[in-house]
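**Q** what follows is a predicted protein model with its sequence.
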Amino acid sequence: MKKLVIAYSGGLDTSYCAVSLSKEYDVHAVSVNTGGFTEEEIKHIESNAYKMGVSTYKNINAVPTFYQKVVKYLIYGNVLKNATYPLSVSAERIIQAIEIIEYAKSIGAEYIAHGSTGAGNDQVRFDMIFQTLAPNIEIITPIRDEKLSRQQEIDYLKANGIEASWEKSRYSINKGLWGTSVGGEETLSSEKALPSEAYPSQLEKEGEEKVTLTFEKGEFVALNGEKNLPEINIEKLNDMASAYAIGRDIHVGDTIVGTKGRVGFEAAAALIIVKAHHLLEKHTLTKWQLQHKEYLSSFYGMHLHEGQYLDPVMRNIEAFLQSSQEMVSGEVTVTLKPYHFSLDGIVSSHDLMSSKFSTYGEENKAWTADDAKGFIKIFGNQNKIYRQVNLDA
């Protein structure tokens, strides 16, 4: 039997794929942890995979890789899709696809399978990366190709002796390092909000709590003065902020295949870090650095969302983002409150507001009143010339 690797999550779609493909192929299941998995959950997924008839199961811990290759640059760029969404799931899918295809190559697989349907974004992300990194490995997608309904999949599994509770949960939850997506009946239309109970974290704390985020060259290196790896700091901050039910929102955006989509999410740490980092940048970068970073970061987020991570332009943008962080070091104080947070201020040796040139709106020490008048006169020349030529003639 020919060797096949399946991207296995343990859900209905990938379970159907594992059972049906095991009849024709030597199936090796693999899942990629980009955050959110407990050891118990991993063991449960492994146990189920073997029940589906796979030859081997492997779980790849890609949390450090996910941070180093993707999340770090999303922070550098303050990336929020449509000024709202921190690309929680789409960013994960890129690393998952890369890790899965590399694993398939390492064991000499001739085929690779995933459980995506033909309607969404993931099919594009997985297929593009698989095709680019391993063009000789054939991609198999039973759910998409056979246009299967959930009931057809359930009936097939039951007929093959796989008894499990496949009832669809009211809300689909996808948890990772950079946030949790929440889908449900309310997100299928435009007018309804998700109820509070749909979100995985509920309000546990009242009052206010101050936390300090320390950045070194743009990286989140310490929480409340305690240094750790950035990915660990992210997890710790998320636990603290989730107790206040912070980070809930609904993202409305354009799918890769051209339709509009709506998804709820909870990303307490991601939103706090992006906003805190951006505040620090406002104090430490020049106006032109901030301006050019903004549109390049927007392009970076868009390309990542659409699965274009392997295009060399992404390495070019990453190089720019990395170089922009040379002076982005300091501490940002944030106040956590029920359902929201506020940015208090920053302390940095690179704070351009601490310049001895002037105090905004009050005094200056580097130019005279006549200098200011001359600057303003010349600065307004273009508008005066345009008006004289076109409007006052």
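**A** That came in fine, so what should we check first?
**Q** what sits up against stretch 334-348?
**A** With CB atoms under 8 Å, 6 or more residues apart in numbering as the test, stretch 334-348 has contacts from 203, 205-213, 240-241, 244-246, 248, 271-272, 275-276, 279-280, 283-284, 329-333. C-beta coordinates here come from the backbone N, C-alpha and C atoms, glycine included.
**Q** in strands, which of the residues you listed appear?
**A** With strands taken from DSSP state E, the overlap with the contacts of stretch 334-348 comprises 209-213, 248, 330-333.
**Q** between all of the residues you listed, which two are separated the most?
**A** 248 and 330 (28.3 Å; CB to CB).
**Q** residues in contact with residue 352?
**A** Applying CB under 8 Å, 6+ apart, one finds that residue 352 lies in contact with 283-286.
**Q** err, residue 137, not the other one
**A** 101, 104-105, 109-112, 130.
**Q** which one of those residues sits closest to residue 363?
**A** Nearest member of the contacts of residue 137 to residue 363, counting by CB to CB, is residue 101, at 60.8 Å.
**Q** next helix or strand past the host helix or strand of that closest one?
**A** Using DSSP states H and E, residue 101 sits in helix 88-106. The C-terminal neighbour of helix 88-106 among helices and strands, as given by DSSP H and E, is strand 111-113.
**Q** centre of the chain to that following strand, how far?
**A** 26 Å (CA atoms, centre = their mean, to the nearest Å).
**Q** next: stretch 98-108.
**A** 23 Å.
**Q** and the contacts of it?
**A** Under CB under 8 Å, 6+ apart, the answer for stretch 98-108 is 3, 5, 7, 28, 30, 32, 58, 60, 62, 65, 112, 126, 129-130, 133-134, 137, 309.
**Q** can you name the residues bridging to residue 227?
**A** Beta-bridge partners recorded for residue 227 (DSSP bridges): residue 222.
**Q** pretty sure it is touching residue 221, no?
**A** Yes. Applying CB atoms under 8 Å, one finds residue 227 in contact with residue 221, separated by 5.9 Å.
**Q** compare those two (neighbour count), which wins?
**A** residue 221 (17 against 11; other CB atoms under 10 Å).
**Q** report pLDDT for that one.
**A** Looking at residue 221, its pLDDT reads 98.
**Q** could we number from 9 for the rest of this?
**A** All set: I'll call the first residue 9, so the last point we hit is now residue 229.
**Q** re the thing from before, quick check: ChimeraX command selecting the buried ones in the contacts of residue 145.
**A** To isolate the buried members of these in ChimeraX, using 16 or more other CB atoms under 10 Å:
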select :109,112,117,119,120,138
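**Q** out of the contacts of residue 145, the closest to residue 270 would be?
**A** residue 138 (27.8 Å).
**Q** could you point out the helix or strand that follows whichever strand or helix holds that closest one?
**A** Counting by DSSP H and E, the element that carries residue 138 is helix 130-141. Next helix or strand after helix 130-141 toward the C-terminus (DSSP H and E): strand 146-148.
**Q** okay, now the unreliable bits of the protein?
**A** Scanning the chain with the threshold set as pLDDT under 70 gives 177, 366, 368-369, 401.
**Q** how many degrees apart are whatever helix or strand residue 303 lives in and helix 130-141 in direction?
**A** If you go by DSSP H and E, residue 303 is part of helix 295-313. If you take axes from the mean of the first three to the mean of the last three CA atoms, to 10 degrees, helix 295-313 sits at 90 degrees to helix 130-141.
**Q** which positions in helix 295-313 come out as buried?
**A** Result for helix 295-313 [16+ other CB under 10 Å]: buried residues 297, 301, 304-306, 308-309, 311-313.
**Q** check which residues of stretch 277-291 are buried.
**A** The neighbour-count check on stretch 277-291 (16+ other CB under 10 Å) flags 277-289, 291 as buried.
**Q** hmm, I typed the wrong one, I wanted stretch 85-101.
**A** Buried residues in stretch 85-101 (16+ other CB under 10 Å): 85-89, 93-101.
**Q** these: which two are farthest apart?
**A** Going by CB to CB, the pair spanning the buried residues of stretch 85-101 furthest: 86 and 101, at 21.1 Å.
**Q** residue 167 - how many residues pack around it?
**A** So residue 167, with other CB under 10 Å, has 9 neighbours.
**Q** same deal with residue 331?
**A** Residue 331: 10 neighbours (other CB under 10 Å).
**Q** residue 69 contacts residue 42, doesn't it?
**A** No. Checked against CB under 8 Å, the pair residue 69 and residue 42 is beyond contact range at 9.1 Å.
**Q** more crowded one of those two?
**A** Each of residue 69 and residue 42 has its neighbours counted (other CB under 10 Å); residue 42 has more, 28 against 14.
**Q** what's the spacing between residue 131 and residue 313?
**A** Counting by CB to CB, to the nearest Å, the gap between residue 131 and residue 313 amounts to 14 Å.
**Q** let me fix that, I meant to ask about residue 183.
**A** 19 Å.
**Q** again, but for residue 12
**A** For residue 12, the distance to residue 313 - CB to CB - is 29 Å.
**Q** residue 358 touches residue 333, doesn't it?
**A** No. Look at residue 358 against residue 333 with CB under 8 Å: they stay out of range, at 10.9 Å.
**Q** in terms of packing, which of the two has more residues around it?
**A** Neighbour count, other CB under 10 Å: between residue 358 and residue 333, residue 333 has more, with 21 against 15.
**Q** show me what contacts that one?
**A** 84, 225-227.
**Q** give me the spatial nearest neighbour of it, chain neighbours excluded.
**A** Nearest residue to residue 333 in three dimensions, chain neighbours excluded: residue 226, at 3.2 Å (CB to CB, 6 or more residues apart in numbering).
**Q** the one you found contacts residue 331, doesn't it?
**A** No. The criterion here is CB under 8 Å, and residue 226 misses it with residue 331 at 10.2 Å.
**Q** where along this structure do the helices fall?
**A** 20-29, 47-59, 71-74, 80-84, 96-114, 130-141, 150-154, 158-167, 238-250, 276-292, 295-313, 320-331, 377-387, 389-398 (DSSP state H).
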